[in-house]
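Peer 1: After the sequence you'll find the predicted model.
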Amino acid sequence: DAGLSPRAVRGRLAALGYDLAETSDVLFTHFDRDHAQPGWTRVALADGMLPVWARRSTVLQFGLRPVRAVNLRSGEPRDLSTFGSAIAVAGIGNPARFFDGLRYAGIHLAATRVFPDHHAYSPTDFPVAAGGGSTSPAGATGDAVAVPVLMTAKDAVKCVEFAADHWWSVEVDVAFAPGD
């Protein structure tokens, strides 16, 4: 995640027992000046030079393409093409990219809700939607049919404990940049 600093990435990998210096492959997503931490620009993009660990590695850039959703309560998988309209929720570095991906998949977004990156969700973040009969996580009420709420998998794992029946985690496929 280029949205984290190189130091934070090293720390998270070390906590899992990995050493960034021994990395054989590097995958970057959202690796651009708008979303990458300045440390990555200095470390990996300065004059086209890569750090020592990356010179021994394969560096690939990729994007994520939303393809299916899994219900947070039942675990039922559904192809995204079966959703006509939905509410989208994202607490990631670039929520617009997630929303655009859903629109590209043919979903009409009735509403969007943005939370800070790495947000620690609670039921109070969804004052009406947590009750199951809402059509909006922003607190608006609607008819008896709940509009599906789509969220990133990163966000969904934080909401499973209090999810309503119409909440879905969006799964993605990796799309590598041409030539990678």
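Peer 2: Structure received. Residues are numbered from 1 along each chain as shown.

Peer 1: who's in contact with whichever strand or helix holds Phe98?
Peer 2: Assigned by DSSP states H and E, Phe98 belongs to helix 95-104. For helix 95-104, the surrounding residues in contact (CB atoms under 8 Å, 6 or more residues apart in numbering) are 30, 64-66, 80, 86, 88, 90, 92, 109, 112, 114, 150, 152, 170, 172. (C-beta placed from N, C-alpha, C; glycine too.)

Peer 1: Give the rounded mean pLDDT of the next helix or strand after that helix.
Peer 2: Beyond helix 95-104 in the direction of the C-terminus, DSSP H and E gives the next helix or strand as strand 108-114. Strand 108-114 comes out with an average pLDDT of 94.

Peer 1: Then stretch 154-170?
Peer 2: In this model, stretch 154-170 has a mean pLDDT of 93.

Peer 1: Next, the buried residues of it.
Peer 2: Of the residues in stretch 154-170, 154-156, 158-159, 162-164, 166-170 count as buried by neighbour count, 16 or more other CB atoms under 10 Å.

Peer 1: Return the closest of those with respect to Pro123.
Peer 2: Phe162 (4.4 Å; CB to CB).

Peer 1: among the helices and strands of this protein, which one scores worst on average pLDDT?
Peer 2: Ranking every helix and strand in the chain by mean pLDDT, DSSP states H and E puts helix 52-55 at the bottom, with a mean of 52.

Peer 1: Make sure His118 is actually in contact with Gly91.
Peer 2: Yes - contact criterion CB atoms under 8 Å: His118 and Gly91 qualify, at 7.0 Å.

Peer 1: Neighbour count: these two, which is higher?
Peer 2: Gly91 (22 against 14; other CB atoms under 10 Å).

Peer 1: got a pLDDT number for the more buried one?
Peer 2: 93.

Peer 1: What residues of stretch 80-100 count as buried?
Peer 2: 80, 83, 86-95, 98-99.

Peer 1: before we move on, what SS does Arg12 have?
Peer 2: Assigned by DSSP: H, G, I helix; E, B strand; the rest coil, the conformation of Arg12 is helix.

Peer 1: which secondary structure elements does the strand of greatest length in the chain contact?
Peer 2: Counting by DSSP state E, the longest strand found in the chain is strand 58-71. When contacts are defined as 3 or more CB pairs under 8 Å, 6 or more residues apart in numbering; DSSP states H and E, strand 58-71 sits against strand 25-28, strand 77-79, helix 95-104, strand 167-176.

Peer 1: Alpha carbons only: can I get the helix holding Phe98 in CSV?
Peer 2: Below are the C-alpha coordinates for helix 95-104, written out as CSV (Å, rounded to 0.1, in the frame of the first residue of the first chain):
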residue,chain,number,x,y,z
PRO,A,95,-12.7,6.3,-2.3
ALA,A,96,-13.5,7.9,-5.6
ARG,A,97,-11.6,5.1,-7.4
PHE,A,98,-13.7,2.5,-5.6
PHE,A,99,-16.9,4.4,-6.5
ASP,A,100,-15.8,4.8,-10.1
GLY,A,101,-15.1,1.0,-10.3
LEU,A,102,-18.6,0.2,-9.1
ARG,A,103,-20.1,2.7,-11.7
TYR,A,104,-17.9,1.1,-14.4
